[in-house]
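J.: Sequence first, then the predicted structure, then my questions.
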Amino acid sequence: MSGVLINLIIQVISGAVGGNVAAGAAKNIDLGTLGNTIAGAIGGGAGGQLLGMLIPLLANSGATPDIGSIIGQVAGGGVAGAVLTAIVGALKNRAA
């Protein structure tokens, strides 16, 4: 598998987890389990790719990614997923 695809998979999964953790920590931004997962996955994928462009160390596209880049992908995807879930949840609550 391509290193870019592996990075994207790690970011999307981390984003989904980050979105659910953020919604669990702050009930006022909760979108439901499916909504949190979708918003987090989108945020994790997009945010992780953006971080990969800004921080070249995180954009490891080699055939054998090292542990440092994997941890960076997990952290970046998780945080970006949590942030997007919080933004979408806040907008949803404001509109309601």
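T.: Sure thing, it's come through. Numbering: from 1, shown residues only.

J.: just for the protein, where's the confidence low?
T.: Counting by pLDDT under 70, the chain contains low-confidence ranges at 1, 57-65.

J.: For it, which segments are assigned as helices?
T.: For the chain, applying DSSP state H gives helices covering 3-25, 33-54, 67-95.

J.: how does the chain divide up, domain by domain?
T.: What the record gives for the chain is the domain set 1-63, 65-95, from the TED database.

J.: Would you reformat these as JSON lines and include mean neighbour count?
T.: C-beta coordinates here come from the backbone N, C-alpha and C atoms, glycine included. Shown next, in JSON lines, are the domains of the chain (neighbours: other CB atoms under 10 Å):
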{"stretch": "domain 1-63", "mean neighbour count": "19"}
{"stretch": "domain 65-95", "mean neighbour count": "19"}
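
J.: Tell me who's in contact with the residue positioned nearest the centre of the chain.
T.: Nearest to the geometric centre of the chain sits G44, at 1.9 Å (CA atoms, centre = their mean). By CB atoms under 8 Å, 6 or more residues apart in numbering, G44 lies in contact with 11-16, 18-19, 76-78, 80-81, 84.

J.: In space, what's closest to it - neighbours in sequence excluded?
T.: Nearest in space to G44, with sequence neighbours left out and distances taken as CB to CB, 6 or more residues apart in numbering, is G15 at 1.4 Å.

J.: Tell me how far that neighbour lies from I71.
T.: Remark: distance between G15 and I71 (CB to CB, to the nearest Å) = 15 Å.

J.: L50 now?
T.: To I71, L50 is 18 Å away according to CB to CB.

J.: Over to L54?
T.: Going from L54 to I71 by CB to CB gives 17 Å.

J.: Could you do V88 as well?
T.: 26 Å.

J.: now T33
T.: Separation of T33 from I71 (CB to CB): 26 Å.

J.: Please apply the same query to G18.
T.: For G18 relative to I71 (CB to CB), the value is 14 Å.

J.: Kindly report the same for I87.
T.: Taken as CB to CB, the span from I87 to I71 is 25 Å.
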